[in-house]
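Student: let me see the structure of the following:
(one chain, ligands or ions: 3)
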Amino acid sequence: MNNKPRIAFFDFTGCEGCQLTVIDSLENHPELLEAVDIVQFREAMSEKDDDFSIAFIEGSCTRSSDEKRLEKIREQAALVIALGACAHLGGVNAVRNIQPLESVRRCVYGEKAEVYETSIAKPIGDVISIDGFIPGCPIDPEEFIRGVKRLLQGNRPLIPDYPVCIECKLRENACLFQRGKVCLGPITRAGCGALCPSLGVGCEGCRGLIPNPNITWLKEVMAEHGQSSERISAKMGLFMTNQILESEVIDVES
Ligand code: SF4
Ligand code: SF4
Ligand code: SF4
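Tutor: Ligands and ions are numbered 1, 2, ... in the order given. The predicted structure is shown next:
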C-alpha cells in the first residue's frame with residue numbers, strides 16, 4: 001500500500017448529480033487523481049475498500065438505517081465532508097419535513113407505504129459531526145477541487161460566508177428586484193458566481209443561508225417591490241426548509 005491519502009465517496013438520498021460533478025471535475029484535474037487513492041466510489045468504480053481517511057458524503061439522511069451507516073463512516077474517517085445541498089442542508093428532500101410524514105409516504109409509495117422505511121430528511125451534520133461542506137445543487141466543480149486541495153494541505157474547505165448579491169454586483173448585473181422577480185441572493189451563501197441571477201433567474205438559495213441572514217429586511221424590501229412574504233417563504237422552502245425550521249422563521253403544522 002502507498003502513502004497517498006485514501007478517499008471514499010458515499011451516497012445517501014439525492015439525485016447523484018453531485019457525484020457526477022465530481023467525476024467531471026476529476027477528469028479535468030488528472031493531477032489530483034495522481035495525488036490520492038480513491039478506494040470507494042459506487043458511481044464511478046466497482047472496487048470497494050473500507051480503509052479510507054477522507055469521506056465525501058452526498059445525499060441526506062432519510063432512514064434510521066442511514067444513521068447507522070453514517071456512524072460507521074464517521075468511525076473510520078478522519079475527515080467527513082458533506083457534498084452538496086442534500087448532505088449539507090437536507091436539500092430538496094427536506095420539503096417533506098413540513099408535511100405529515102404519513103401522507104408523504106402514502107403519496108410516494110401508495111399501497112406499499114408500509115413496506116418502505118421513510119423518515120424526515122436530515123443534513124448529515126444532524127446525525128454525525130462533519131469537518132466541512134461543499135455547498136450547492138449541484139456542487140461547483142472548481143470549488144470541489146479547491147476544497148480537496150485544501151484538505152490535502154491540512155486545511156478545511158474555504159467556503160464564502162457573504163451573500164450572492166456581492167458576486168452579482170461584481171458582475172454588474174441589474175438587480176432582478178427591479179424586474180419584479182423574487183431573488184434570495186441577499187440571504188444566500190455566495191460562491192457560485194451569482195449563476196442564476198446572471199441568467200435572469202432569481203436565486204433559489206441552493207447554497208444555504210449566510211450566517212445571520214436578515215430575512216425580515218429581505219421581506220420588507222421585496223414588499224416594496226410588490227412581492228408577498230408568502231412568496232418569499234415558499235421560495236425559501238425549496239432548499240432552506242431545515243434552516244428555516246431551526247431558526248423558527250415559519251410556523252409548521254404538527
Ligand atoms: S445537492 Fe442537488 S445535485 Fe447534489 S445530490 Fe442533492 S439534488 Fe442531486
Ligand atoms: S439580482 Fe438577486 S443576487 Fe443580484 S443583486 Fe439583486 S437580489 Fe442580489
Ligand atoms: S444563484 Fe442561488 S440558486 Fe443559483 S447556483 Fe447560486 S446559490 Fe444556487
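Student: ok, the residue in the stretch 1-150 of the chain positioned nearest to ligand 2 - contacts?
Tutor: In the stretch 1-150 of the chain, the residue that lies nearest ligand 2 is residue 136 (15.2 Å; CB to the nearest ligand atom). No exception for glycine: its C-beta is placed from N, CA and C like everyone else's. Residues near residue 136 by CB atoms under 8 Å, 6 or more residues apart in numbering: 18, 84, 85, 143, 191, 192, 206, 207.
Student: the third one contacts residue 91, doesn't it?
Tutor: Yes. Contact criterion CB atoms under 8 Å: residue 85 and residue 91 qualify, at 4.2 Å.
Student: for residue 185, which non-adjacent residue is spatially closest?
Tutor: In this structure, residue 185 finds its nearest non-sequential neighbour in residue 164, 3.8 Å apart by CB to CB, 6 or more residues apart in numbering.
Student: likewise residue 141?
Tutor: residue 25 (3.7 Å).
Student: ligand 1 next: which of the contacts of residue 136 are close?
Tutor: 18, 84, 85 (CB under 6 Å from any ligand atom).
Student: tell me the phi and psi of the first one?
Tutor: If I follow you right, that is residue 18. The phi/psi pair for residue 18 (degrees, to the nearest 10) reads phi -70, psi -40.
Student: so which bits of stretch 222-240 are buried?
Tutor: 222, 227, 232, 235, 236, 237, 238, 239, 240 (16 or more other CB atoms under 10 Å).
Student: err, stretch 15-34, not the other one
Tutor: 15, 17, 18, 19, 21, 22, 25, 26, 29, 32.
Student: would you list those residues in a markdown table and tack on secondary structure and pLDDT?
Tutor: As requested, the buried residues of stretch 15-34 are exported to a markdown table (DSSP: H, G, I helix; E, B strand; the rest coil; pLDDT from 0 to 100):
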| residue | secondary structure | pLDDT |
| --- | --- | --- |
| 15 | coil | 97 |
| 17 | helix | 97 |
| 18 | helix | 98 |
| 19 | helix | 98 |
| 21 | helix | 98 |
| 22 | helix | 97 |
| 25 | helix | 96 |
| 26 | helix | 94 |
| 29 | coil | 95 |
| 32 | helix | 94 |
